[in-house]
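J.: Please find the sequence and the predicted model below.
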Amino acid sequence: MSSADITGDRDISKPDTASKGDIAPERDGPRDTGMDDARLHRWLERTWRTPPGIVGALSSVDHKVIARRYLITAFVFLCLGGLNAIAMRIQLSGPQRGLIGPDLYNQLFTMHGVTMMFLFAVPIVQATGIYLVPLMVGTRNIAFPRLNAFGYWIYVSGGVFAWVSFALNMAPDVGWFAYVPLSGPEFAPGKRADVWAQMITYTEVSSLAVAVATIVTVFKQRAPGMSLDKIPLYVWAMLVTSFVVVFAMPAVMITSTFLILDRLVGTHIFNPAEGGDVLLFQHLFWFFGHPEVYIIFLPATGMVSSIIPVFARRPTFGHLGLVLSLVAVGFLSFGLWVHHMFATGLPKLGASFFTASSMMIAIPNGVQIFCWLATLWDGRPVVRTPLLFVFGFFFIFVIGGLTGVMLASVPLDLQVHDTYFVVAHFHYVLIGGSVFPLLGAAYFWFPKISGRMMSERLGRWHFWLAFIGFNATFFPMHLVGLWGMPRRVYTYPAELGWGNINLFISAGAVLFFLSFVLFIFNLAHGALKGAPAGNNPWNAGTLEWATSSPPPSYNFARIPIATHVEPLWAEREALPVATGLRVDARELLISTVAEAHPDIREKSAAPSIWPLLAAISVGATFVYSIFTPWAVVWGAAPIAITLIGWFWPKGDPEDEE
Amino acid sequence: MKRPVSMAFATAGALLLQGCAGWQSVLDPKGPAASEQAWLIWFFTGLCAVVWVLVMIALAAPLMMRSRAQAEPLAIDAGAEGRKLRVVLTAVAVTAAILIGLTLLSFFANRTLAAIGSDASLTIRVTGHQWWWEVRYEDATPSRILTTANEIHIPAGEPVRLLLTSTDVIHSFWIPSLSGKLDLIPGHINVLDIKADKPGVYRGQCAEFCGAQHANMGTFIIAEPRAKFDAWWNDQLQPAVAPAGDEAKAGEDLFLRRPCVMCHRIGGTPAGGTVAPDLTHIASRKTLAAGTLTMSRGNLAAWIADPQGVKPGSHMPVVDLDGDELNAIVAYLEGLK
């Protein structure tokens, strides 16, 4: 570590610690201070680029490279999960159809849920954060870049593991929630439930890694001047989400580990015959499972908060209120897991407490909705595709939120719990609340990532197709649920009269699926033939638009100084910058947590193949451990070796201080 | 944005008419609990619809505005911001008030539901199995305890107490037109009180995913006038009627010599298995295999000949029978009224 001797071209108050043990000059290298732009670019590019060749690509620790891989992988899993859904909808399009039997159908809906929750939704919101957070806070790379790369490799291996199992007809068939005793040793012979439990472990390890990297990036790497009140709302959303991940994910890791122990080692944690309890599983699972919804939803609120001000041409109304709402939702999300368990026969007074807490979370969510509406009320906004998707978000998510209020009521929930009404509800919340903002975000940030614009005309077609397809698919599900159709049934009798409406739903699902085909086409068209975007095509105000599109490997030639929550709007001529970082080494500016005063200069890890090798050895251990508990012992050796390689001292004088 | 809205409502309208006639519908309540819940659903839906429409108006309004959004994004009118703040705070306060109201409403509705069965005189123990329901009528006199399967007869107009449990995985008991659902959990006993206002047949099915044949785990509540119910109970307590005719006699003989006897019980015969439904009066039931097939000679034969085709994954094994043997067994079972 070297104390910061950063100078800004603005009066940035100097930290008191500036004089503590500055590094000796012989260890110092060329700095960016006073260097001309062309020379600076050459230096920084040589220092920060991803090494050439295949090994180089696999060694990359550039947050943008990792994030692009994450985004593409998660999108592939979205398409696979969508194909699961289409297969289910074909089977359900009429009563007593024989296309898909119960064995395959149960794997299909389990894989659909697992893929969408663990392989698409959480990874894609985290991937967006990996790309955008370092740019928005004005730093050169994410904190712990090797951990970040490791997280990606673990995620890919978990996803491949799950889908290879599916191809081998051994995918989990116990639902994405895998309740015991159905998933326990007695009622789930074979390896299917073990695949569920281990896949959870993979994806949780990777999302914990990303969460930790995000938290540290936001707390310690913000551009000088970006005090807490100037952090963009998207970054706040990712920060709160990352804390929710850190506190929620361990619960599900415990759940899946207990399940593996019951199945593999013969413990009786969930076995009622030996004094275990099956409801313990549900409590642990939903203590994670409900915050999970907010892990998916909160980043999307950050996207909405980024898109609306740009097209309303003003800063977000109620910035502080929105930040406090995010934090409140983060806290409250841990207090309402029991509303998933009202039908288990809980004590009535206890259940009523969870009605109240579930209702209460609607208040901070309401604050967010009202603040966004108030932001839009200054005049006719510029309606472009990203904003259209935000409108779609309002239309759909508010319905989902309101049916959520219905589900919070115990007596009402007892009728609609585990019916298609709930299926409709959570697709309104998750697709409306997360996928529509994500699609808007894709149109919004695609120019930054690719340097080219997506087609506005195709974008509008895409929006209307998705919007109509979505509502045609999921709105009628509310009704068929009220008519008594339970979830997770592979067929239904003709005499219950659910045939026509299910046919309609299936047709809607095909329409919705086609909208994604159009989206893929628009992505490809934009990447190949789109108009050049320039640095800031939307004339937006946050720092990611201050650099070129796509950004260089080092993000910013000179570290920007944030003087406002929308710095590019406040500084119309030129953004003030801070200088003093070395250009021959990967150096980051570390700032103080609250005020973002420049504090110290810190090395950022160089590219390395070890995170990939570590992920391979961890992944192999996970797969092996569904067959024998000894895997933990045998796997420890290769994991230890790869970690030693990863953390091997680099001979840097800084390390030896 | 108008098109999909009207489309959704048109769909809803057209389909609502069709669905309400169903005998497994939340919107067609036939008992006090389901009536309370249906009222609650309509009330919540109405209120939520109003809130949603207001939000949509607030969202659409800026699109209708004549003035464009400003060119200078940081030129904010402080007075307008103050007015907006008051509007937002009012909206938040109204939201909070509505939510408190709904919480109280929900709390009192829950109390109403809890009071329904306080004076229940009849207790029935329902045990979930993969994938059928064991139904046991409790009585202080041991000889009057009755075990049957899948169809639950109750006296109409009287509250009945159901004790719900399971011996394998978690199931959930749900008769939408009478009451909300409650889980059957191994190691736990849950209490569900139900009441049917009028005689009738009310269908339900398992609502918690329970494995391969979760979809075909139906059940029926058959509410009858008290006298008819008492007569039914007395009939069901009788041992099975003796087979009439040679074919049926041969069928009984086969039943007792073949694997059938390992799992099923038929009162009055040596067949005493308890892991599968009691068949003493199977022919008096409306359906076979937990609501999968209607009761008929043809369906009985189909179910016995090919259980894995009718209900793939079910625990009923294929028993090797030739045509005559199958006919004989069907003739025997068909006589078990």
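T.: Yep, it's here.
J.: so what's A:A67 up against?
T.: A:127-128, A:130-131 (Cβ atoms under 8 Å, 6 or more residues apart in numbering or on different chains). To be clear about C-beta, it is placed using only N, CA and C from the backbone, and glycine gets the same treatment.
J.: and B:E158, helix, strand or coil?
T.: Per DSSP: H, G, I helix; E, B strand; the rest coil, the secondary structure class of B:E158 is coil.
J.: contacting residues for it?
T.: Contacts of B:E158 (Cβ under 8 Å, 6+ apart): B:120-122, B:195, B:226.
J.: Show the pLDDT at it.
T.: Per-residue confidence at B:E158 stands at 95 (pLDDT).
J.: just B:Q205 next, same as before
T.: pLDDT, B:Q205: 96.
J.: For the stretch 501-650 of chain A, what lies in contact range of chain B?
T.: Counting by Cβ under 8 Å from any Cβ of the partner chain, the residues of the stretch 501-650 of chain A close to chain B are A:501, A:504, A:541, A:564, A:566, A:569-570.
J.: Turn those residues into TSV, columns for distance to A:W461 and secondary structure.
T.: Compiled in TSV, these are given as follows (distance: Cβ to Cβ, whole Å; DSSP: H, G, I helix; E, B strand; the rest coil):
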residue	distance to A:W461	secondary structure
A:I501	27	helix
A:F504	22	helix
A:G541	29	coil
A:H564	37	coil
A:E566	31	coil
A:W569	32	helix
A:A570	37	helix
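J.: From those residues, keep the buried residues only.
T.: Buried subset of those (neighbour count, 16 or more other Cβ atoms under 10 Å in any protein chain shown): A:501, A:504, A:541, A:566, A:569-570.
J.: The stretch 201-350 of chain A against chain B: which residues are in contact?
T.: Contact residues, the stretch 201-350 of chain A versus chain B (Cβ under 8 Å from any Cβ): A:272-273, A:277-279, A:309, A:311-315, A:317-318, A:321, A:343-345, A:348.
J.: Following the helix ranked longest in chain B in sequence, what is the next regular element?
T.: The longest helix of chain B (DSSP state H) is helix B:78-115. Past helix B:78-115, further along toward the C-terminus, the next helix or strand under DSSP states H and E is strand B:122-129.
J.: returning to that earlier point: of the residues of the stretch 201-350 of chain A next to chain B, buried ones?
T.: Those of those that meet the buried threshold are A:272, A:277-279, A:309, A:311-315, A:317-318, A:321, A:343-345, by 16+ other Cβ under 10 Å.
J.: Just give the closest residue to the closest residue to chain B within the stretch 201-350 of chain A, not the sequence neighbours.
T.: At 2.8 Å from chain B, A:P272 is the closest residue in the stretch 201-350 of chain A, using Cβ to the nearest Cβ. Spatial nearest neighbour of A:P272, excluding adjacent residues (Cβ to Cβ, 6 or more residues apart in numbering or on different chains): B:G187 at 2.8 Å.
J.: about what we covered before: identify the farthest-apart pair in the buried ones among the residues of the stretch 501-650 of chain A next to chain B.
T.: A:I501 and A:A570 (53.7 Å; Cβ to Cβ).
J.: middle-most residue in chain A, spatially?
T.: Compute the mean C-alpha point of chain A, and by Cα atoms, centre = their mean the closest residue is A:V125, 2.4 Å away.
J.: Below-threshold pLDDT in the stretch 101-250 of chain B: ranges please.
T.: Along the stretch 101-250 of chain B, the model assigns pLDDT under 70 to no residue.
J.: Let me see the confidence value for A:A351.
T.: 88.
J.: which ones are touching it?
T.: A:A351 makes contacts with A:338, A:342, A:410, B:110, as judged by Cβ under 8 Å, 6+ apart.
J.: Nearest to A:F444 among those?
T.: A:V338 (37.2 Å).
J.: just checking, the closest one touches A:G345?
T.: No: look at A:V338 against A:G345 with Cβ atoms under 8 Å: they stay out of range, at 12.0 Å.
J.: For B:G204, give me phi and psi.
T.: Main-chain torsions, B:G204, degrees, to the nearest 10: phi -150, psi 170.
J.: Help me confirm that it comes into contact with B:S179.
T.: No: contact criterion Cβ under 8 Å: B:G204 and B:S179 do not qualify, at 9.0 Å.
J.: Those two: who's more crowded?
T.: Set B:G204 next to B:S179 and count neighbours by other Cβ atoms under 10 Å in any protein chain shown: B:S179 wins out with 32 against 26.
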